[in-house]
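Student: Sequence and predicted structure are below.
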Amino acid sequence: MKPFIFFPFLSELMSQQKFEEIKKANQAAAKKLIEEHFSSSSEEEGDEDFEGKQGKIVANTFVTYTTQTDGDIRELERTKHFHYFYCDKVLECGIHRCSQRCHRGPCETCRQEVEKHCRCGKHTKRMPCHKPYICETKCVKMRDCQKHQCRRKCCPGNCPPCDQNCGRTLGCRNHKCPSVCHRGSCYPCPETVDVKCNCGNAKVTVPCGRERTTRPPKCKEICSRPPTCHHTSREKHRCHFGPCPPCHQPCQKVLEKCGHLCPASCHDQALIKQTGRHQPSGPWEQPSEPAFIQTALPCPPCQVPISMECLGKHEVSPLPCHAVGPYSCKRVCGRILACQNHTCMKECHKVTEVEGCGDKNKAGPECLHCEEGCSKSRPPGCPHPCVLPCHPGECPPCVQMLRMKCHCKITSLYVECRKITTADVNEKNLLSCCKNQCPKELPCGHRCKEMCHPGECPFNCNQKVKLRCPCKRIKKELPCSKVRENQVSVECDATCKEMKRKASEIKEAEAKAVLEEEKRRQQAELEAFENRLKGRRKKNRKRDEVAVELSLWQKYKYYLLPVCGVTVVLFAWYIAHDVD
């Protein structure tokens, strides 16, 4: 029994000694361990008292012992320190127990090494149980603003709201959005801007950004800028931006030549288009905008009216002062020429008065000389112009020969123009007569027997004409005028009646013969038709042929008709010529 009791006691003593050696070795590093725990994050371990720190020393000793014994703590369990100092409470991790000696307050964090997953679940690592594993992988998910990435290390997926500034340019184009990054449109710019007139007396407050489109307020103050021309003061005008309007006050400078005052508007700063600028080399170059420069212009010519008489002394007109001098009024001279018929057609000009002549309308040596022909009116009926140049007084008688037709329009006569224009009606009829028989025909068809005369021919025609009886057999010669007036006539006698009777009998006989011939032909056709209706044998049946003998008229009617027509025409022609 004693050896049995001794060996357990010896084994326990050895374990206790080993533990004390390890404890002493760890006490040397106690101070350093405490400093490390004090410098560690309070969020992970919290505040601990001094006893807690010493408990950590025991725990480190325990961990060191288990490490040296490859995790075998059976020998350590047999020591009195294990039974009397070990806490053995379940730690906050809920897996391991507290390895410290019995202590006050909460147990320290679990220091067991385990395989841990990071928060995002992408990586694993062996590390103390109490330390959270945060990998270096940054989250690439978009935050609620949908503009920025999360960029948080080892994000578990619940990305926090975006904490960056929006920074977008607001609608005013002057400021940026100061709000936290957000979705949708930004709020309008809260700033305000004062829009002022040029002098600053009038202003209006508008939201920021509208100052570009807001017209400056109208200022009722008078512009106080000094004049830039030779005048002592400007024309009154209200406050404005940009250059002042041009001065419209009268110039009032004394002109050098005449001494009058310049009435034109002020021209000290006139805008003149600049010339001599670069010309484009071709259509591909855009033409430059025209440039204007301000320059002082000389005073315009004096326009004060001065009364002046024209060269021809037609009128007195007011002329501008700068144009005073001899001038032409552009009218026609109008002085009477030597021909006493025309006037000088030159433009208003200077005329030298002739000595001893009191007529101021008479032409002078500077006027034109008349080169026109005579334009005086001719006697009635004279178509010829005067052969003399333009002259005073009456024109000489016209001796031109006129070619004219006689009354009958056949013979051409040559008569002096003055005889025709000075003759009366009877003399004109005698001058126009050719002394030949009138060639005109009377209504009866005979030629007029009178000498060439004007007007209509007389109707009493005495020409002998032949008159026949109705049957054209009896012929007599009688005066034409009596025949046209139906004063005489020729009647048929007994012989004429007998010839008419015989002619009618012949016509009746011919008509009767034609009628009988027609009846005979119709009878023959009737007999032939009756023969065809009779019943005969088919073998002996033949087409009946009736020989109808044609009459003389039917055979030769196409020849007789033209002959009869020609005979009638010749007979009529003979009768007509026999009557003449």
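Tutor: Happy to help now that I have it.

Student: How far does the host helix or strand of Ala513 sit from its chain's centre?
Tutor: Ala513 belongs to helix 494-533 when elements are defined using DSSP states H and E. Relative to the mean C-alpha coordinate of its chain, helix 494-533 is positioned 98 Å out (C-alpha atoms, centre = their mean, to the nearest Å).

Student: With stretch 103-111 instead?
Tutor: Here stretch 103-111 shows a centroid-to-chain-centroid distance of 96 Å under the convention C-alpha atoms, centre = their mean.

Student: quick one, the following helix or strand past the helix holding Ala513 and helix 494-533 angle?
Tutor: Tracing the chain C-terminally past helix 494-533 and defining elements by DSSP H and E, one meets helix 552-579 next. Inter-element angle recorded for helix 552-579 and helix 494-533: 160 degrees (by axes from the mean of the first three to the mean of the last three C-alpha atoms, to 10 degrees).

Student: For helix 552-579, name the packing helices and strands.
Tutor: Counting contacts by 3 or more C-beta pairs under 8 Å, 6 or more residues apart in numbering; DSSP states H and E, helix 552-579 packs against strand 464-468, helix 494-533. The way it works is simple: take the backbone N, C-alpha and C, and place the C-beta from them, glycine included.

Student: Give the buried residues for the last one.
Tutor: Buried positions in helix 494-533, judged by neighbour count with 16 or more other C-beta atoms under 10 Å: 517, 521.

Student: go on, stretch 214-233?
Tutor: Taking 16+ other C-beta under 10 Å as the basis for neighbour counts, the residues of stretch 214-233 that come out buried are 216, 219, 223.

Student: which residues of the stretch 51-200 of the chain fall in helices?
Tutor: Counting by DSSP state H, counting those that start in this stretch, the stretch 51-200 of the chain forms helices over residues 74-77, 80-85, given from the N-terminal end onward.

Student: just to revisit the earlier point, nearest to His182 among the buried residues of stretch 214-233?
Tutor: Nearest to His182 out of the buried residues of stretch 214-233 is Pro216 (C-beta to C-beta; 35.6 Å).

Student: who's in contact with the closest residue to that closest one other than its chain neighbours?
Tutor: The spatial neighbour of Pro216 that comes closest, neighbours along the chain excluded (C-beta to C-beta, 6 or more residues apart in numbering), is Cys197 at 5.1 Å. The neighbours of Cys197, taking C-beta atoms under 8 Å, 6 or more residues apart in numbering as the test, are 203, 216-219, 221, 239, 241.

Student: Make TSV out of those residues and add distance to Cys348.
Tutor: Rendered in TSV, the data for the contacts of Cys197 read as follows (distance: C-beta to C-beta, whole Å):
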residue	distance to Cys348
Lys203	69
Pro216	62
Pro217	65
Lys218	60
Cys219	61
Glu221	60
Cys239	58
Phe241	58
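
Student: for those residues, which one is nearest Pro250?
Tutor: Using C-beta to C-beta as the measure, the one of the contacts of Cys197 that approaches Pro250 most closely is Cys239, at 25.3 Å.

Student: give me the number of residues near Val193?
Tutor: The number of residues packed around Val193, counting by other C-beta atoms under 10 Å, is 19.

Student: That one contacts Cys208, correct?
Tutor: Yes. Using C-beta atoms under 8 Å, Val193 is in contact with Cys208, at 5.3 Å.

Student: how near is Cys386 to Glu372?
Tutor: 11 Å (C-beta to C-beta, to the nearest Å).

Student: Pick out whichever of these two has more residues nearby.
Tutor: Taking Cys386 and Glu372 together and counting by other C-beta under 10 Å, Cys386 has the greater number of neighbours (18 against 11).

Student: for the residue nearest to that one when sequence neighbours are not counted, what are its contacts?
Tutor: Taking C-beta to C-beta, 6+ apart, and ignoring the residues beside it in sequence, Cys386 has Cys374 as its nearest neighbour in space, at 3.6 Å. With contacts taken as C-beta under 8 Å, 6+ apart, Cys374 has the following neighbours: 385-386, 388-391, 395.

Student: repeat that with 6 Å
Tutor: For Cys374, the set of contacting residues under the criterion of C-beta atoms under 6 Å, 6 or more residues apart in numbering consists of 386, 388, 390.

Student: Can you lay out these as JSON lines showing pLDDT and distance to Lys534?
Tutor: JSON lines is the format used below for these (pLDDT from 0 to 100; distance: C-beta to C-beta, whole Å):
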{"residue": "Cys386", "pLDDT": "86", "distance to Lys534": "116"}
{"residue": "Leu388", "pLDDT": "86", "distance to Lys534": "121"}
{"residue": "Cys390", "pLDDT": "87", "distance to Lys534": "122"}
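
Student: Return the subset of the residues you listed lying in strands.
Tutor: Secondary structure defined by DSSP state E assigns none of the contacts of Cys374 to strands.

Student: Tell me the one of these nearest Cys129?
Tutor: For the contacts of Cys374, the residue nearest Cys129 by C-beta to C-beta is Cys390; the value is 148.4 Å.

Student: Next one: the closest one from Gly364, what distance?
Tutor: Cys390 sits 18 Å away from Gly364 when distances are taken as C-beta to C-beta.

Student: Same check on Pro207?
Tutor: In this view, Pro207 and Gly364 are 89 Å apart by C-beta to C-beta.

Student: Likewise for Tyr558?
Tutor: Distance check for Tyr558 against Gly364: by C-beta to C-beta, it reads 105 Å.

Student: More neighbours: which of the two?
Tutor: Between Tyr558 and Gly364, counted using other C-beta under 10 Å, the more crowded position is Gly364 (15 against 8).

Student: Contact partners for the more buried one?
Tutor: The contact partners of Gly364, taken as C-beta under 6 Å, 6+ apart, are 351-352.

Student: secondary structure class for it?
Tutor: State at Gly364, reduced to three classes by DSSP: H, G, I helix; E, B strand; the rest coil: coil.

Student: re earlier: possible to save the helices and strands packed on helix 552-579 as TSV with mean pLDDT and distance to His446?
Tutor: Compiled in TSV, those are given as follows (pLDDT from 0 to 100; distance: least, C-beta to C-beta, whole Å):
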stretch	mean pLDDT	distance to His446
strand 464-468	80	8
helix 494-533	84	29
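
Student: would TSV of the ones you listed with distance to Lys89 be doable?
Tutor: Shown next, in TSV, are the helices and strands packed on helix 552-579 (distance: least, C-beta to C-beta, whole Å):
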stretch	distance to Lys89
strand 464-468	185
helix 494-533	165
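
Student: hmm, back to that, the buried residues of stretch 214-233 in helices, which ones?
Tutor: Within the buried residues of stretch 214-233, no residue falls in helices by DSSP state H.

Student: Point out where the chain drops to low pLDDT.
Tutor: For the chain, the stretches with pLDDT under 70 are 1-19, 22-85, 276-277, 356-358, 535-553, 555, 576-580.

Student: Would you mind confirming that Pro397 is in contact with Lys419?
Tutor: No. Contact criterion C-beta atoms under 6 Å: Pro397 and Lys419 do not qualify, at 9.8 Å.

Student: related to what we said a few turns ago, go through the contacts of Cys374 and say which is closest to Cys166.
Tutor: Taking C-beta to C-beta as the measure, Cys390 is the one of the contacts of Cys374 closest to Cys166, at 107.4 Å.
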